[in-house]
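**Student:** Fold the following.
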Amino acid sequence: MDELFDRVSSDIKTAMLARDKVALEALRGMKKEFLEAKTAKGSDGHLSDDAAVKIVQKMVKQRKESAQIYIEQSRPELAENELAEAAVLEKYLPVQLTDAELEAAVSAIIAQVGAVGPQDMGKVMGVASKQLAGKTEGRLISEKVKALLAR
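**Tutor:** I've put the predicted structure just below:
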C-alpha cells in the first residue's frame, strides 16, 4: 500500500500550502502510524492494503471515542476537532456499506454457515468479520448479526 503512503505524503504538502491545520494534523498522525507499521519488528518494510485500512479504521474509531468523551465532559470545541480529524481520515477508507447492504451480506453469511439462533453468533461473527473487514465497523456487524439471529 505504498501508494496510499505516497498519497498521504502528497496530501500533507497540499494541507501545508492550504494552511489546513486539522487535515495536516490528521495526515501527519496517519503517516506516523504507517511508518511505525512499516518499521515494526518482523515487518518486511512494506504496508499491505489490509494493514493500512485497519490502521486508518483504528484511528477513526479513536477520534470518535475521544469526541464522545469530550462531549460528555462538556468540551465541544475539543470534540469538534476530533470529529473533523475523523472526517479527514475517513476519506482514506474504502466506501462503507449501507445498512441495507450490511443486512444483505450478514443474511447471506447466516445462510452460508447454517446459523439458526443467537447461540450461533460466534460462528457467524468469525466469517462476517473476515468478509466485511474494512467495509464497515465491527460494532455495526455485531449489532446486525445479533438482530438477525434474534428473529
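
**Student:** Can you name the residues that contact residue 43?
**Tutor:** By CB atoms under 8 Å, 6 or more residues apart in numbering, the residues touching residue 43 are residue 37. Placement of C-beta: from N, CA and C, glycine included.

**Student:** oh sorry, the question was meant for residue 15
**Tutor:** 23, 24, 27.

**Student:** Just the closest of those residues to residue 10, please.
**Tutor:** Nearest to residue 10 among those, counting by CB to CB, is residue 27 at 9.7 Å.

**Student:** so how far is residue 134 from the nearest residue to that closest one once chain neighbours are set aside?
**Tutor:** Spatial nearest neighbour of residue 27, chain neighbours left out: residue 12 (4.8 Å); criterion: CB to CB, 6 or more residues apart in numbering. Computed with CB to CB, to the nearest Å, the distance linking residue 12 and residue 134 is 23 Å.

**Student:** Name the residue in the two with the higher neighbour count.
**Tutor:** Ranked by neighbour count (other CB atoms under 10 Å), residue 12 and residue 134 place residue 12 first, with 17 against 14.

**Student:** Wait, that one touches residue 31, no?
**Tutor:** Yes - with contacts counted by CB atoms under 8 Å, residue 12 reaches residue 31, the gap being 6.6 Å.
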